[in-house]
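In: just the structure for this:
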Amino acid sequence: MKANTKSSITLPAEELRLVKSLKARLRLKSNVEVVRQGLFLLQQTTECAALKEAYRKASLAAHGHVGGGRCPRSPGRRGVRLSTPVTHGGLYVADLNPRRGTEPGKTRPVLVIQTDLLNAVGHPSTVVLPCASRLTGESLLSVFLPKGMAGNASDCEIMIDQARAIDNRRLKRRLGHLPSGPARQGEEEAAAALRPVTVAQSRRRVSILPAAGAHPRPRAGATGRG
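Out: Predicted structure coming up:
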């Protein structure tokens, strides 16, 4: 079939009723628009399924199960896995002990920034950004998260410079889901912290941040993170 060539498709009465129903519900101009959107959705679904399968195979290969099967449990102390799947943008309570050096330890909220294409295939680890309840008021390496925004019990800061992959057994329970704005900001800030930038780019980035004394967050009396 050539592009822009008129063609006709004969549908059974039941399927034609479905097309007309979707046309009305979606407020489309013609039955053809319904078919076009259906084809586009089918393409997206097929590509997403193929990508998800690719992530599944990569996850298995990375953990020594090239031939298929479930990913093995990592060695060490056993832990209880979450009953629900980990989701991108979710805020979870995680046990980050033991800590080393400047790593955040203790049991604290973490923001999941790993893609759901990898979360959905049972990957045994998850990339997260830990949160700190001790507020620094610093805006270049943190994103402020007000109390209750995603089930968090108090104001906290997402620590942009502490992105890490943790074993899923460290995740204890789900608190909630971050709105798209703060979640996207956290991911963009973390990505920016990993990219090499020029001095001009760094100055431009700092110039758009709130000036000293104008920061809207409460500032802790003590320094450091907790």
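
In: who does the longest helix along the chain touch, helix- and strand-wise?
Out: Ranked by number of residues, the top helix in the chain under DSSP state H is helix 31-62. If you count contacts as 3 or more C-beta pairs under 8 Å, 6 or more residues apart in numbering; DSSP states H and E, helix 31-62 packs onto helix 13-26, helix 116-119. For every residue, glycine as well, the C-beta is placed using N, CA and C.

In: these: which one's closest to K147?
Out: Among the helices and strands packed on helix 31-62, helix 116-119 comes nearest to K147, with 26.4 Å by C-beta to C-beta.

In: and the contacts of the closest one?
Out: C48, L51, K52, Y55, S59, P85, V86, T87, H88, V112, T126 (C-beta atoms under 8 Å, 6 or more residues apart in numbering).

In: tell me where this protein has strands.
Out: 90-95, 107-112, 125-132, 142-145, 156-159, 164-167, 171-177 (DSSP state E).

In: any idea which of those strands is most buried?
Out: For the strands of the chain, average neighbour numbers computed from mean count of other C-beta atoms under 10 Å are highest in strand 156-159, which has a mean of 26.

In: what pairs with that one, parallel or antiparallel?
Out: strand 125-132 (antiparallel), strand 142-145 (antiparallel) (DSSP bridges).

In: same list (the strands of the chain) but as JSON lines, adding mean pLDDT and distance to E33.
Out: Shown next, in JSON lines, are the strands of the chain (pLDDT from 0 to 100; distance: least, C-beta to C-beta, whole Å):
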{"stretch": "strand 90-95", "mean pLDDT": "96", "distance to E33": "35"}
{"stretch": "strand 107-112", "mean pLDDT": "95", "distance to E33": "37"}
{"stretch": "strand 125-132", "mean pLDDT": "94", "distance to E33": "39"}
{"stretch": "strand 142-145", "mean pLDDT": "88", "distance to E33": "40"}
{"stretch": "strand 156-159", "mean pLDDT": "92", "distance to E33": "42"}
{"stretch": "strand 164-167", "mean pLDDT": "94", "distance to E33": "44"}
{"stretch": "strand 171-177", "mean pLDDT": "94", "distance to E33": "33"}
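
In: just the helices and strands packed on helix 31-62: most buried one?
Out: Ranked by average neighbour count under the criterion mean count of other C-beta under 10 Å, those are headed by helix 116-119 at a mean of 18.

In: just the CA trace of that one, in CSV.
Out: What follows is helix 116-119, C-alpha atoms only, in CSV (Å, rounded to 0.1, in the frame of the first residue of the first chain):
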residue,chain,number,x,y,z
ASP,A,116,10.2,0.6,35.4
LEU,A,117,11.3,-1.4,32.4
LEU,A,118,14.0,-2.8,34.7
ASN,A,119,11.9,-2.8,37.8
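
In: just how off-centre is it within its chain?
Out: Remark: helix 116-119 is offset 9 Å from the chain centroid, using C-alpha atoms, centre = their mean, to the nearest Å.

In: all good on my end, thank you.
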